[in-house]
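Asker: Predicted model follows, preceded by the sequence.
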Amino acid sequence: MSKRRVDVVVISDVHLGTRASRAAELNAYLKTVEPGTLVLNGDIVDLWDFRKGYWPEAHTKVIRRILKMAVDGVPVHYVTGNHDGALRRYTSLCLGAVNLVDRLELDLGGRRHWFLHGDAFDLALGTGPFLSWVGARSYDSLVTLGIGVNALRRMCGMDRVSLADAFKRNLPAARSHIARYQDCCLRAAAARGYDAVVTGHIHVPGMCARSIEGREVAYLNSGDWVDSLSALEFANGQWSLVRWNDLLEQGLVHAPHLEDTLGVLPAAT
């Protein structure tokens, strides 16, 4: 399969090192693109769960794929998130083509883009460190439940369902939080003179624009590789939100082999 050339690829919230990570699908996606720049917008490796020692081969393949891009000369910007926040003590570290940063600014199409994971807005949203931790653990529990449900559905020949997505779409509190998060990102970007803010963190992909005090600001969220399986691509002067299922239907990616996806199944007891 020929690779698609794009100027920038943005992925976030991969959570390597957890059973929920859809690393096999991400690796299959990365095989199909040839980016001029790769932005890893936080929570790529989940250091919160790293002590559990879960690290299947599919997760190693993602790291190898990213490092291969860097070796081939693709600038790779690793923007730290809350689940890999321990790396923030090493911010500004540069290892060849891999740059570790807390924030990133890129000029794309003549517009100033501000890249950050998004956990910096938690306090402004009234979700301090403790509430953020509780929320993250609750989400993890929901995703873990979804893994079990989908394992049973696969055994019965049924399609995968997303419990987390259903909760986000149907719970008023979840929809309200997403709206307030978008508003906070847009206002913070406008206050700093940016034309666009590119973020992740909430595991909800999206693109929108709003006029704030006479300034048009774009909001871009790359989603995640736990539930949404989505990424942002910048090519020909425009952003697009790509989803695994859409790419699969269009024949632009191939489904990974079953043995590569076994790592997402619950551990045997």
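Answerer: The structure has been received and is ready for your questions. Numbering: from 1, shown residues only.

Asker: where along the stretch 51-200 of the chain do the strands fall?
Answerer: Taking DSSP state E, counting those that start in this stretch as the criterion, the stretch 51-200 of the chain contains strands spanning 76-79, 94-95, 98-101, 104-108, 111-115, 196-199.

Asker: Out of those strands, flag the one nearest A189.
Answerer: Evaluated over the strands of the stretch 51-200 of the chain, closeness to A189 peaks at strand 196-199, with 3.8 Å, by C-beta to C-beta. Any C-beta I mention is one placed from the backbone N, CA and C, and that applies to glycine too.

Asker: List the buried residues for the closest one?
Answerer: Neighbour-count burial for strand 196-199, counted by 16 or more other C-beta atoms under 10 Å, picks out A196, V197, V198, T199.

Asker: Are we agreed that S240 is in a strand?
Answerer: Yes: assessed with DSSP: H, G, I helix; E, B strand; the rest coil, S240 lies in a strand.

Asker: Between the two ends of stretch 233-245, how far is it?
Answerer: 16 Å (C-alpha to C-alpha, to the nearest Å).

Asker: that older thread, can you list the buried residues of strand 196-199 in TSV and add pLDDT?
Answerer: Written out in TSV, the entries for those read as follows (pLDDT from 0 to 100):
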residue	pLDDT
A196	98
V197	98
V198	98
T199	98
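
Asker: most tightly surrounded among the strands of the stretch 51-200 of the chain?
Answerer: A comparison of the strands of the stretch 51-200 of the chain by mean neighbour count, using mean count of other C-beta atoms under 10 Å, puts strand 196-199 on top with a mean of 26.

Asker: Spell out which strands sit alongside that one in the sheet and which way each one runs.
Answerer: strand 111-115 (parallel), strand 215-221 (parallel) (DSSP bridges).

Asker: Could you dump those strands into CSV with distance to T60 and mean pLDDT added?
Answerer: Shown next, in CSV, are the strands paired with strand 196-199 (distance: least, C-beta to C-beta, whole Å; pLDDT from 0 to 100):
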stretch, distance to T60, mean pLDDT
strand 111-115, 26, 98
strand 215-221, 27, 96
